[in-house]
Structure formats: C-alpha cells, structure tokens
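J.: pasting the structure only:
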C-alpha cells in the first residue's frame, strides 16, 4: 500500500478580502474532494487574504497510480482556478504489512 501526503501553497491574486479567499479555497477543497476522493484542507495562512496552504493525503495500491493522482490533482487546481501555485511538496511512501508479525516497514519517496 502507498500513501501520498503533501501541501500546495497557492497565491490568490484576485482576492481582495478574506471572504473572497475563503470562497475560492472552499470551492477548491470541495471540487478536489469530489473529483479525486482525497482528504484535503486549508492548513495554514488562514488570516492572509491572498495566500493559502492546502494539505492533502490519500492511499493507493500502486505507486504509479498514486504519483499520477498527485500530478492530476495539482494540474486540476492550476488549470481550473485563477490561482498561482507557489510551492508544492509531496511525499509518497510504501507501507508493507506482514501477516506474520505486528510490525511494518516503510520506504519513502520524497519529491
């Protein structure tokens, strides 16, 4: 099983108030949740009117599919909203559970 965790820092230059920003962020969060079935939330910069930090996470069974989903998610935000992606950091890791033991092994792929 693989998991992806990451954050996307966006600039919302068309926002002139916190109300404008929250409208855009709320729309992004809802559409991304519906489109990609991921957990996503605004995790920082709630008090800045033109910047938001979005954190996301999800699991999958295939590393290539998880990587593709991350790329599609970022591209979806970039192409469907009037925002600029300032930063994007992600971590993809595999967790292998053993049926013989109660411990687990994790390997990280950071990008």
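T.: Yep, that arrived. Please read these numbers as outputs of a predicted model, since none were measured by experiment. Numbering: from 1, shown residues only.

J.: Would you mind listing the residues in contact with the residue sitting nearest the centre point of the chain?
T.: The geometric centre of the chain, computed from its C-alpha atoms, lies nearest to residue 56 (C-alpha atoms, centre = their mean), at 3.2 Å. The neighbourhood of residue 56, defined by C-beta atoms under 8 Å, 6 or more residues apart in numbering, consists of 4-8, 32, 38-41, 73. Every residue, glycine included, has its C-beta placed from N, CA and C.

J.: Likewise for residue 69?
T.: Residue 69 makes contact with 4, 36, 38, 58, 60, according to C-beta under 8 Å, 6+ apart.

J.: If you rank the residues you listed by neighbours, which is first?
T.: residue 4 (21 neighbours; other C-beta atoms under 10 Å).

J.: any idea whether the residue nearest to the centre of the chain is helix, strand or coil?
T.: Taken by DSSP: H, G, I helix; E, B strand; the rest coil, the conformation at residue 56 corresponds to strand.
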